[in-house]
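test case, fold it:
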Amino acid sequence: MSGPAAGTAAAATTTDVVCLGESMVTFLPSQPGRLADVPSFGRGIGGAESNVACALAAAGHRAAWVGRVGADGFGDHLVETIASYGVDTSAVRRDPARPTGVYFRTATDRGADTHEVAYYRAGSAASAMSPENVPYEALFAGRVLHLSGITAALSPDCLALLRELTAPRPGRPLVSFDVNHRPHLWRGCAEDASVLLELARRADLVFVGEDEAEEAWGIVGAEAIRAALPEPSVLVVKRGSAGATVFASELRPGPRGAEAAAGTAAPGASTDTVSAATPATSADTTCPATSADTATPADTVTPVPALRVDVVAAVGAGDAFAAGFLSATLRGLPVRDRARHGHLMAAAVLTVPGDLTDPPSRDRADRLVALDDAAWGRLRLAPGWTAADRAPEEVRTP
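Down below sits the predicted model:
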C-alpha cells in the first residue's frame with residue numbers, strides 16, 4: 001500500500017497528533033566551552049518533531065512519531081527513549097544501509113556567537129524518507145499531522161515527501177507546520193526561502209519566529225508575516241522574550257478546508273476533526289483586524305506576552321511551545337490560552353539543560369493560564385518550578 005489515498009483508506013483515528021521527522025542522538029557537554037575543550041558528553045535525544053511528540057504524550061495526549069533510523073544501537077536508543085515518554089513508535093522504519101544521525105553541541109544558546117553544533121547526519125536513515133517508503137496509514141491516523149521545515153532540508157526525497165503531505169486534499173488531517181529555518185542544512189541550496197514559504201502556505205496552522213522570517217524571507221514584523229502567509233487558518237508568530245502574536249480566523253478555511261469544501265473526503269478518512277481557528281465562544285481579549293491592518297478583516301489578532309524565566313538552556317523551547325499550543329488546540333481552548341500553554345511548556349524546557357522534561361501537571365498549567373494579565377506578568381519561573389505546588393501569584397486567584 002502506498003500513497004496518501006491508500007493510506008487514509010484504512011486509517012481510524014486513535015491518535016491525537018502524528019509527528020514526522022528526523023530524531024538524532026545528541027551529545028550534551030559536561031561543561032561550558034568550545035567543543036574542542038569539552039572533555040566528555042552526556043547522551044540524550046534531539047529532534048524537533050519527536051520533541052513535540054514526547055511533550056504531547058507527557059501532557060496526556062495520544063502522540064505518535066514516524067521516522068526512519070538506522071539498524072544500529074543509536075537507533076535502538078532513540079526508539080526506546082521516545083517510546084518511554086508514551087509515544088507510539090510502531091511506525092518507525094529501520095534502514096539497514098544507513099546510520100542514525102548524531103550531533104554534538106555546546107552549552108551556549110543557539111543564537112550566541114559562541115554556540116557550536118557538529119552534525120553527523122549526512123546520508124542518515126532519516127534523509128532517505130520519501131513518498132515511496134513512508135507508512136501513510138500511520139501518518140493520516142491522527143487528528144493533527146505535525147511537520148517542520150527541517151525535514152524538507154534533509155534531501156530532495158524528504159522535500160518531495162513534505163510536498164506530498166501538505167498537498168491540499170479532502171480528508172487530510174489538520175496540518176501543523178513549524179518553519180524551523182536552519183540555514184546550515186540548506187547550505188548550497190538557494191531555494192530554502194521559497195520552499196519554506198511554499199510549505200507554510202499549504203498548512204492549516206503555522207509556527208514561525210520573527211527572527212527566522214526576517215532571515216529566510218526578509219520580512220519584518222508580525223503583520224508583514226501574516227501578509228506573506230494569508231492561507232493558514234492560524235498563524236503563530238513567535239517574538240522571543242516579547243511573547244507571541246496569533247492571527248486566527250474561522251472564515252479562513254486553510255488549504256484543507258478549501259479542498260474539503262469542493263470535494264468528497266477520502267474513503268475512510270476520519271470525521272473526528274480539530275479546528276485550528278479560535279472557538280466562536282472564545283474568552284480571549286482579541287482585536288478584530290480592520291481594513292487598515294495588514295491582516296484581513298476576518299482575522300483576530302491576539303498578542304500574548306511571554307513569561308519571565310530563569311533560563312538554563314534555550315534548546316528545545318520552540319518545540320515545547322508548539323506542543324503546548326497544540327495541546328490546548330486539541331482541547332478546544334481559546335487562542336490566548338493556547339499561546340499561554342505554549343509559553344508554559346517552553347518555560348519547562350528552558351529551565352532544564354536538555355530538549356525534554358516533564359511538563360507541569362494539567363491542573364497546574366490550567367491554573368496559571370487562568371491568571372489575570374497582571375498576575376501573569378508577575379510570574380517568574382525558575383528551575384524546578386514544574387514540581388512546585390503553587391506560585392505566589394496563584395494565591396490571589398479564585
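
count of neighbours near residue 245?
Around residue 245 there are 22 other residues, counting by other CB atoms under 10 Å. Any C-beta I mention is one placed from the backbone N, CA and C, and that applies to glycine too.

ok, and the closest non-adjacent residue to residue 323?
Computed as CB to CB, 6 or more residues apart in numbering, the closest residue to residue 323 that is not its neighbour in sequence is residue 55, at 3.5 Å.

burial of residue 380, as a residue count?
Using other CB under 10 Å as the criterion, residue 380 is surrounded by 14 other residues.

oops, could you answer that again for residue 131 instead?
17.

and the pLDDT at the residue nearest to residue 323?
Reading off the confidence values, residue 55 has pLDDT 97.

next: the one 5 residues further on.
For residue 60, the pLDDT comes out at 95.

who's in contact with it?
residue 362 (CB atoms under 8 Å, 6 or more residues apart in numbering).

now the element after the longest helix anywhere in the chain, going C-ward?
Ranked by residue count and defined by DSSP state H, the top helix of the chain is helix 335-350. Beyond helix 335-350 in the direction of the C-terminus, DSSP states H and E gives the next helix or strand as helix 362-369.

which strands and helices lie in contact with that following helix?
Judged by 3 or more CB pairs under 8 Å, 6 or more residues apart in numbering; DSSP states H and E, the packing partners of helix 362-369 are helix 335-350.

what mean pLDDT does the helix it packs on have?
With pLDDT averaged residue by residue, helix 335-350 scores 96.

mind checking the SS state of the residue lying closest to residue 352 once chain neighbours are set aside?
Distance criterion CB to CB, 6+ apart; nearest residue to residue 352, sequence neighbours excluded, is residue 312 at 5.9 Å. The three-state label for residue 312, taken from DSSP: H, G, I helix; E, B strand; the rest coil, comes out as coil.

give the contact list for residue 312.
With CB under 8 Å, 6+ apart as the criterion, the residues that contact residue 312 are 350-353, 383.

let's have the residues you listed in a markdown table, adding neighbour count and distance to residue 232.
Supplementary listing: those in a markdown table, determined by neighbours: other CB atoms under 10 Å; distance: CB to CB, whole Å:
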| residue | neighbour count | distance to residue 232 |
| --- | --- | --- |
| 350 | 23 | 26 |
| 351 | 20 | 31 |
| 352 | 17 | 31 |
| 353 | 16 | 33 |
| 383 | 14 | 35 |
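
in JSON lines: the residues you listed, plus distance to residue 172.
As requested, the contacts of residue 312 are arranged in JSON lines below (distance: CB to CB, whole Å):
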{"residue": "350", "distance to residue 172": "33"}
{"residue": "351", "distance to residue 172": "36"}
{"residue": "352", "distance to residue 172": "35"}
{"residue": "353", "distance to residue 172": "38"}
{"residue": "383", "distance to residue 172": "41"}
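
ok, so of these, who is nearest residue 114?
residue 353 (16.7 Å; CB to CB).

tell me how many other residues crowd the closest residue to residue 304 other than its chain neighbours.
Of all residues beyond its chain neighbours, the one nearest residue 304 is residue 339 (3.7 Å), with distances taken as CB to CB, 6+ apart. The local packing of residue 339 (other CB under 10 Å) involves 28 other residues.

surely residue 339 meets residue 244?
Yes: distance between residue 339 and residue 244: 5.0 Å, which falls inside the contact criterion (CB atoms under 8 Å).

burial count for residue 37?
The criterion is other CB under 10 Å. On that basis, residue 37 has 10 neighbouring residues.

so which helix or strand takes in it?
In this assignment (DSSP H and E), residue 37 forms part of neither any helix nor any strand.

how about it, phi and psi?
phi -100, psi -10 (degrees, to the nearest 10).

hey, where'd the helices end up in this structure?
Counting by DSSP H, one finds helices in the chain at the ranges 4-9, 48-58, 73-84, 136-139, 149-154, 156-166, 192-201, 210-217, 222-228, 254-262, 317-330, 335-350, 362-369, 373-378.

okay if I get those as a markdown table plus distance to residue 298?
Below are these laid out as a markdown table (distance: least, CB to CB, whole Å):
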| stretch | distance to residue 298 |
| --- | --- |
| helix 4-9 | 29 |
| helix 48-58 | 28 |
| helix 73-84 | 39 |
| helix 136-139 | 30 |
| helix 149-154 | 26 |
| helix 156-166 | 22 |
| helix 192-201 | 16 |
| helix 210-217 | 21 |
| helix 222-228 | 11 |
| helix 254-262 | 12 |
| helix 317-330 | 19 |
| helix 335-350 | 14 |
| helix 362-369 | 26 |
| helix 373-378 | 26 |
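
could you list the buried residues of stretch 120-138?
Taking 16 or more other CB atoms under 10 Å as the basis for neighbour counts, the residues of stretch 120-138 that come out buried are 121, 124-131, 134-138.

ditto for stretch 42-54
Per 16+ other CB under 10 Å, stretch 42-54 contains these buried residues: 44-54.

circling back to that earlier point, show the contacting residues for the residue nearest to residue 304.
When contacts are counted by CB under 8 Å, 6+ apart, residue 339 is found next to 236, 243-244, 246, 302, 304, 325.
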